[in-house]
Structure formats: C-alpha cells, structure tokens
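K.L.:
the following block contains a protein sequence and its predicted model.
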Amino acid sequence: MRLAIVGCGYLGAVHAAAMASLGHEVVGIDVDRAKVESLSQGRAPFHEPGFPELLAQVQGDGRLRFTTELAAAREAELSFVCVGTPQAPDSQAADLSFVDAALGGLLDLLVDPADRTVVVGKSTVPVGTAAVWAERFAALPGAVDLVWNPEFLREGFAVQDTLSPDRIVYGLPPGESGRRAASALDEVYADLLAAGVPKIETDLATAELVKVAANAFLATKISFINAMAEVCEAAGGDIYELAQAIGLDPRIGRRFLRPGVGFGGGCLPKDIRAFAARARELGAGEAVEFLGAVDRTNLRARRRMADLVTRAVAGKAEAGLEGYRVAVLGAAFKPDSDDMRDSPALAVARELARRGAEVVVYDPAAGPMVRQLAPELQVAQSLSQAATGAGALVVLTEWDEFVQLDPDAVAGLVARRLVVDGRGALDPGRWTAAGWDFHRLGAPSPLAAKAVD
Ligand code: UGA
C-alpha cells in the first residue's frame, strides 16, 4: 500500500521504516529539514538499536523516502500522524499544536471530491481529540476517514515493538467510515495480524484512553515500588527483597517494579499529567487524583537520590559537595537511548553539581546532548575517563556497559571505592567483595548490614 507518515521522530521514523519492511511504499514527512536530510541519507537522527540497519535495508529496496512536503500525503492510501504531544509550557495539559498542524494540514490538502483516504492518528492525545477531527474529515467532499491507532513502542525496543507489538488497537468512528478504515488498516498490518498479534477494535475515545491508561498504569507501578522503597528505608526493610517477593505473585508480576531514581522520558511523565488534566476537564478529576501522588513520588526519587549520594560522599544529606569529584554513569532517561527528555539521571547530575560537586558524566550515547543541555557538567569520553580520580561512582542509567562493569578493574582508577546504584542494576555482593562501599535507595548498605550483624 502507499503510506504517508507525518512526523518522523522516534515513533514516526521507526514506523515508516517498519512499514516499508512489510512491503509498503512509504513516504516520511517532517517539517524539520535537517531530520529529513539525515533520514534520506540513511542516517538515524537518534540512537535506537536496530533502526539504522532497518533504515538501510528498506532504503536499499527503494520503498522509503523522506520529504518536507506535506503534499506528498495526497498520493497515500493511508496517512499516519506520528507527531509529538509534549507538555504545554504553561500547564500540565498536552500541547496539541503539532497534532493540530498535521491534521489541519491534511484537512486542507484532501479537499478533492475524488479523495479516498484514511487518516490514522498514532500520537498520544487527550481523549476527545479524535472525535473532533473525525467530524471535520467526515465533512470533506471525498471519503476521508479518521481512525486512532495508538502506539505502544518503547524506546530502545522500538523496531521490535513496531514489528511484533503486544496488541494493535483500532479506534474507529461509527458506521461505514469505521468499516472502511478498519479494512484498510487490516491490509497495512496483514503480516502482523497473520502472525497472531491480537487486534482490538473499539471506538475513538476508548482507543485514546487505552494508550494513556497503559502509561498511567506503568508509571503507577514504578512509583508504587519507589514509595515502598521509602517505607523500607524508614522501617529498615529491603526494597529489593520486597519487590522480588511481591513480584512472584503472577497477579502483580516482576516487570516495572525496579526501584531507583524513577521514570522519565518523553512519555510517562507528560502523559500522566495530561491524562489528569483532561480528566479534570471532563469532571472525572477525582478518579485519577492518585496520578498526582505518582508524579510527586517519582520526582521525590530524584531528590532522594541526590541526598543519598550526598550522604554517602560527604557524611550527611545537608552537606555541600564542594571539593568532591563525582562520576555519573548514564545521562539518558533509559539505556539504549540518547533521549534526554525529563531524564532523572540528568536531573540528579545537575543537582549534585548545584550542591557543589565536580560532576563528570559518561553516557555511551547521550554525551553530546549533555554538553548542550547542561554546560555546568563535564562530559567524559569513556567510563574510565569519568572514573579516574572520582570520589564516587553513581550509576543513573543502567547501560549494559555499567551493569557488566568489573569492580576490580575500575577500583584502581577511583580516588575512593564508593558506588551508588541509582537503578538497582549492579550486583551488591560483587561490588562489596571487591571492597566497595555500596549504596542504593530503599535497602540498607550491605556493609552497614554486616556491621549490625
Ligand atoms: C513508554 C511505554 O513503556 C511504552 O509502552 C509507550 O509506548 C511509550 O512510553 C510512549 O508513550 O510512547 P518509554 O518511555 O520508551 O515507553 O520507556 P519505558 O520503558 O516505559 O521506561 C520509562 C521510564 O521508567 C524510564 O526512565 C525507565 O528507566 C523507568 N523505569 C522503568 C523504572 O524506573 N523502573 C522500572 O521498573 C521500569
């Protein structure tokens, strides 16, 4: 099929390449000329495992091109809208200006009575957005149907999640328009559906809500375990043993119960805020009041992490950190990504610098972004450069390079064997056996525990 993808960020660029790999003829459209040039030359504008290879493969096959011209969507049988919905600068609500511009642009374009096309929203939007646009498209002289087909891909697994998703959700307008759109989408996703990916057909509002409810649930799970970590600390318990024990109940499950510095990125934080803001507009604010607590618990984890480092390094949480060199390992909001949006790692690194520490950051992919965003931080080219002379190693993004790090090998570089694991990613036994003073939130330091024994 001929597909247009409007918006070529993490979601759109990967969707475009993935759809081309399924055999469709795809044009990716973005207003950012530099991004279009980079993608056209086969260069991924962001770090995403497997994406450069997929891009090269489909461009070699001649099935994928990129342009800044929205008019290219006129040729498409389906146009996917994959633009961002960041948090508005002056409120907790979503900024819909990119969605409005993309859908408004398509609305102005598809004015010929002969136009037969499906507009597919993939962006995460406040419930009610799709219905408004569906009406506007329905009023066009041709047959232009609007559906909502939310995306659930995770950064770092974007290719895999696009080509083997857990589920495909169609939010359809009622009647003939919905039936036409569903059969067009069935054709787009034919290979995935044939492979057994579950499909759920529902109305527009439910499809919009499925997306934000999923992200709200994931955020709640993370904040729940971080809240338990706070209680463990107050009571002398161990959050890691607690998480393991409750996670063995299949109704609870082990995933997304990893305590630490909390969630960040371009999705979970802004989505829970926008969800709560929209629910308030709808008069259902009380139902999702808990999301405010989820958000606060999450942000508190950043401060608690900075306090833990300060206590470990300087003896007490209120101390200044002047004269201490701290190596921060990881800056991206999660491993296998260079995305710095609302990154807990960057927030903690900056807070340590604000408290007076000389902070040297090493991230396998996000170093150049750190330089741009936080000039007060030093950026190392390698882990060993960051560790050299450091009074503490602080792991804030669990890149495999850090998880696999040999504590004996790095011991010779640092000024002091002190490690703070902000992601519960290191093996405390291994590090303490190598003579390191080991700290993490919600669990007594193994050395302290030994002293008590
Ligand atoms: C999230 C959702 O997982 C996707 O399903 C969704 O499609 C996407 O948002 C989106 O709305 O576009 P993503 O932001 O890529 O995906 O990252 P996650 O894997 O969800 O991680 C989010 C944050 O939670 C990261 O900072 C991660 O380090 C943190 N996290 C995750 C924890 O602190 N503990 C955990 O146990 C798991």
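P.N.:
Here it is on my side, so go on.
K.L.:
which parts of the protein sit against the ligand?
P.N.:
Residues of the chain lying close to the ligand by C-beta under 6 Å from any ligand atom are 124, 151-155, 215, 218, 222, 256-258, 260, 262-265, 267-268, 271, 333-334. Backbone N, C-alpha and C define where each C-beta goes, glycine included.
K.L.:
and the residues you listed, which of them are buried?
P.N.:
124, 151-153, 155, 215, 218, 222, 257-258, 260, 262-265, 267-268, 271, 333-334 (16 or more other C-beta atoms under 10 Å).
K.L.:
among these, which are in helices?
P.N.:
Counting by DSSP state H, those place 215, 218, 222, 268, 271 in helices.
K.L.:
identify the residues contacting the third one.
P.N.:
Contact partners of Ile222, counting by C-beta atoms under 8 Å, 6 or more residues apart in numbering, are 256-258, 262-263, 268, 298.
K.L.:
same thing but 10 Å
P.N.:
256-260, 262-263, 268, 294, 297-298, 301 (C-beta atoms under 10 Å, 6 or more residues apart in numbering).
K.L.:
could I get those residues as JSON lines with pLDDT and distance to Phe137?
P.N.:
Formatted as JSON lines, these follow (pLDDT from 0 to 100; distance: C-beta to C-beta, whole Å):
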{"residue": "Phe256", "pLDDT": "97", "distance to Phe137": "36"}
{"residue": "Leu257", "pLDDT": "97", "distance to Phe137": "42"}
{"residue": "Arg258", "pLDDT": "96", "distance to Phe137": "42"}
{"residue": "Pro259", "pLDDT": "97", "distance to Phe137": "45"}
{"residue": "Gly260", "pLDDT": "97", "distance to Phe137": "44"}
{"residue": "Gly262", "pLDDT": "98", "distance to Phe137": "39"}
{"residue": "Phe263", "pLDDT": "98", "distance to Phe137": "35"}
{"residue": "Leu268", "pLDDT": "98", "distance to Phe137": "30"}
{"residue": "Val294", "pLDDT": "98", "distance to Phe137": "35"}
{"residue": "Thr297", "pLDDT": "98", "distance to Phe137": "41"}
{"residue": "Asn298", "pLDDT": "98", "distance to Phe137": "37"}
{"residue": "Ala301", "pLDDT": "98", "distance to Phe137": "43"}
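K.L.:
and those residues, which is closest to Phe98?
P.N.:
Leu268 (19.0 Å; C-beta to C-beta).
K.L.:
that closest one contacts Gln87, doesn't it?
P.N.:
No: look at Leu268 against Gln87 with C-beta atoms under 10 Å: they stay out of range, at 11.6 Å.
K.L.:
mind listing the shared neighbours of the two?
P.N.:
Contacts common to Leu268 and Gln87, judged by C-beta under 10 Å, 6+ apart, are Asp342.
K.L.:
what's the neighbour count on Glu318?
P.N.:
Other residues within reach of Glu318, judged by other C-beta atoms under 10 Å, total 10.
K.L.:
next: Leu185.
P.N.:
21.
K.L.:
what's the pLDDT at it?
P.N.:
We have a pLDDT of 98 for Leu185.
K.L.:
do Val120 as well
P.N.:
98.
K.L.:
and for it, the neighbour number?
P.N.:
There are 25 residues near Val120, going by other C-beta under 10 Å.
K.L.:
that one belongs to a strand?
P.N.:
Yes: under DSSP: H, G, I helix; E, B strand; the rest coil, Val120 falls within a strand.
K.L.:
contacting residues around it?
P.N.:
3-6, 78-82, 145-149, 170-171, 181, 184-185, 188.
K.L.:
in helices, which of those appear?
P.N.:
Checking the contacts of Val120 against DSSP H, those in helices are 181, 184-185, 188.
K.L.:
ranges for the strands of the stretch 51-200 of the chain?
P.N.:
Taking DSSP state E, counting those that start in this stretch to define them, one finds strands in the stretch 51-200 of the chain at 64-67, 78-81, 116-121, 143-148, 168-172, 199-203.
K.L.:
of those strands, which stretch is the most buried?
P.N.:
strand 78-81 (a mean of 28; mean count of other C-beta atoms under 10 Å).
K.L.:
convert it to PDB, retaining C-alpha atoms only.
P.N.:
The C-alpha coordinates for strand 78-81 follow below in PDB (Å, rounded to 0.1, in the frame of the first residue of the first chain):
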ATOM      1  CA  LEU A  78      -3.300   6.000   4.500                       C
ATOM      2  CA  SER A  79      -1.600   8.900   6.300                       C
ATOM      3  CA  PHE A  80      -0.300   8.200   9.800                       C
ATOM      4  CA  VAL A  81       0.100  11.100  12.100                       C
END
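K.L.:
partner strands of it, parallel or antiparallel?
P.N.:
strand 2-6 (parallel), strand 116-121 (parallel) (DSSP bridges).
K.L.:
how far is stretch 267-275 from where the chain is centred?
P.N.:
11 Å (C-alpha atoms, centre = their mean, to the nearest Å).
K.L.:
same question but for stretch 183-195, I mixed them up
P.N.:
The answer for stretch 183-195 is 26 Å, by C-alpha atoms, centre = their mean.
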